[in-house]
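*Asks:* Structure here, sequence nowhere to be found:
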């Protein structure tokens, strides 16, 4: 089940050429942060292009529950009247974050240094996911977390009455953990420091600066050291959310494997900490071109054109690239299935603790569709069958995971026989217009009664 209703199976058939303009939704990572930082500023923040998927809407409701005024003015147009750093009020009810791991982990950080108790829950998928990697560093501020075994939701955060600044080195690359610590540090005195051995997506640091916080980023070996001065007065902003590169991955990858395709995705965010997929696809021989490069709201943006690429070959994806493309490995594996030779993806242990165990979910579904996959605890390898070589013909389990569902629907657009996912409902959490957008490009997607 999707966690929000009955399962909604969907089938993808082999498509003719995919052509046209794919106007994908706003960036989910930026949308979450825009709502949260807007709620922590003093005054009104205006947001254009906000992703109106369920995950982000749940974060908006959470901000309202914590005392901010959150108003929708039209499609993608929102305002947030913030309460200032340290100004959240204790919510009257449990905060339900639905399917969003990003949302709940960022919110835990935001409330961790407030003297109040907040209880978080979510859907079946989110309740199964470990939260200790966030609650452990937040405990250094003086915060307590009481939850189910393994630090799972439902979980109550008891905020620190007298928080202390923290100097924390992240044990694994994680933008969510880094961001949670920085959010907690906003309401702690002095300087909070996060050191990461490998750079992760830096939307939090960029947006903090935009809102007026004092943030310093320094090299630290192969990684970075982020120093935040606590208790600033954040200034409200006008934010234009770029289009989501993780959502753009689906029409882009579909265009690469469906013969005759030519798809343009305008205005996608190309933050270097998020663009690993597109570099990897180019390394494989994909026909990708950036057009009209520019900057919007402090984020690099360009129009991306993708054309059918029959000569792609498998590669060794650099392990150090994993943090910049962690959400895109499922759909990359679909492209790899249509390339020649092996694509090896090391350094991907993080995939095992996402909305699902994404390595296991993709490996099982690809094997059911006739693709050879080998995997270990922190790696997997897909042996490609070349253009038009994937048999397909299976019904695969989405496992309550939006990216798994969309990846297998993309597979079905180029496989010899149709591919069905058992539940397309979770797609609404991040890409609610996925089916309509892909259909507009020429894909054949059918809801299964």
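*Replies:* Great, that's in hand. Remember, predicted model here, so these are calculated numbers, not experimental data.
*Asks:* ok, residue 344 - how many residues close by?
*Replies:* Residues lying near residue 344 (other C-beta atoms under 10 Å) number 17. The C-beta positions use only the backbone N, C-alpha and C, and glycine is treated the same way.
*Asks:* how much space is there between it and residue 368?
*Replies:* 21 Å (C-beta to C-beta, to the nearest Å).
*Asks:* Ok, residue 135 next?
*Replies:* Using C-beta to C-beta, we find residue 135 at a distance of 36 Å from residue 368.
*Asks:* the more surrounded of those two?
*Replies:* Taking neighbours as other C-beta under 10 Å, residue 135 and residue 368 compare with residue 135 leading, 22 against 17.
*Asks:* For the stretch 251-400 of the chain, just list every one of the helices.
*Replies:* 276-284, 329-337, 358-368 (DSSP state H, counting those that start in this stretch).
*Asks:* Name the helix or strand for residue 219, please.
*Replies:* Residue 219 belongs to strand 215-220 when assigned by DSSP states H and E.
*Asks:* quick check: angle from the helix or strand following that strand to strand 215-220?
*Replies:* Downstream of strand 215-220, the first helix or strand assigned by DSSP H and E is strand 223-229. Between strand 223-229 and strand 215-220, the angle comes out at 150 degrees (axes from the mean of the first three to the mean of the last three C-alpha atoms, to 10 degrees).
*Asks:* Can you name every helix or strand that strand 223-229 contacts?
*Replies:* helix 175-185, strand 191-196, strand 215-220 (3 or more C-beta pairs under 8 Å, 6 or more residues apart in numbering; DSSP states H and E).
*Asks:* residues in contact with the helix or strand following the second one?
*Replies:* Looking back up the chat, that one is strand 191-196. Downstream of strand 191-196, the next assigned helix or strand under DSSP H and E is helix 203-210. Helix 203-210 is touched from outside by 27, 29-30, 33-34, 37, 175, 178-179, 182-183, 215, 217, 226, 228, 237, 239, 271, 273, 297-299, with contacts defined as C-beta atoms under 8 Å, 6 or more residues apart in numbering.
*Asks:* Please look at residue 163 and residue 188 and confirm they touch.
*Replies:* Yes. Between residue 163 and residue 188 there is a contact under C-beta atoms under 8 Å: 4.1 Å.
*Asks:* Name the residues contacting each of these two.
*Replies:* The contact lists of residue 163 and residue 188 share 113, 141, where a contact means C-beta under 8 Å, 6+ apart.
*Asks:* hmm, back to that, TSV for the helices of the stretch 251-400 of the chain, including distance to residue 49?
*Replies:* Conversion of these to TSV gives the following (distance: least, C-beta to C-beta, whole Å):
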stretch	distance to residue 49
helix 276-284	20
helix 329-337	22
helix 358-368	27
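*Asks:* out of the ones you listed, deepest packed?
*Replies:* Most buried of the helices of the stretch 251-400 of the chain, by mean neighbour count (mean count of other C-beta atoms under 10 Å): helix 329-337, with a mean of 28.
*Asks:* contact partners of that one?
*Replies:* Identification of contacts with helix 329-337 by C-beta under 8 Å, 6+ apart yields 249-250, 253, 256-257, 277, 280-281, 284, 286, 312, 314, 317, 322, 325, 343, 345, 348, 351, 358, 361-362, 366, 369, 371, 373, 380, 382, 384-385, 390, 403-404, 406-408, 410-411.
*Asks:* Mind doing that once more with 7 Å?
*Replies:* Around helix 329-337, the neighbours that count as contacts under C-beta atoms under 7 Å, 6 or more residues apart in numbering are 249-250, 253, 256-257, 277, 280-281, 312, 314, 343, 345, 348, 351, 358, 362, 366, 371, 382, 384-385, 390, 403-404, 407, 410-411.
*Asks:* Tell me what angle it forms with helix 276-284.
*Replies:* Angle, helix 329-337 to helix 276-284, by the same axes, to 10 degrees: 10 degrees.
*Asks:* Helix 358-368 and helix 329-337, what's the angle between them?
*Replies:* 30 degrees.
*Asks:* Now for the residue lying closest to residue 97 once chain neighbours are set aside: which residues touch it?
*Replies:* Leaving out its chain neighbours, the residue that sits closest to residue 97 by C-beta to C-beta, 6 or more residues apart in numbering is residue 104, at 4.0 Å. Contacts for residue 104 were tallied using C-beta under 7 Å, 6+ apart; they are 97, 120, 122, 126.
*Asks:* Throw the helices and strands packed on strand 223-229 into a markdown table and include distance to residue 265, mean pLDDT and mean neighbour count, thanks.
*Replies:* A markdown table is the format used below for these (distance: least, C-beta to C-beta, whole Å; pLDDT from 0 to 100; neighbours: other C-beta atoms under 10 Å):
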| stretch | distance to residue 265 | mean pLDDT | mean neighbour count |
| --- | --- | --- | --- |
| helix 175-185 | 22 | 97 | 27 |
| strand 191-196 | 29 | 97 | 22 |
| strand 215-220 | 29 | 96 | 14 |
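*Asks:* Would you mind measuring from the closest residue to residue 190 other than its chain neighbours to residue 85?
*Replies:* In space, and not counting its chain neighbours, residue 190 is closest to residue 165: 4.0 Å by C-beta to C-beta, 6+ apart. Distance of residue 165 to residue 85, computed by C-beta to C-beta: 14 Å.
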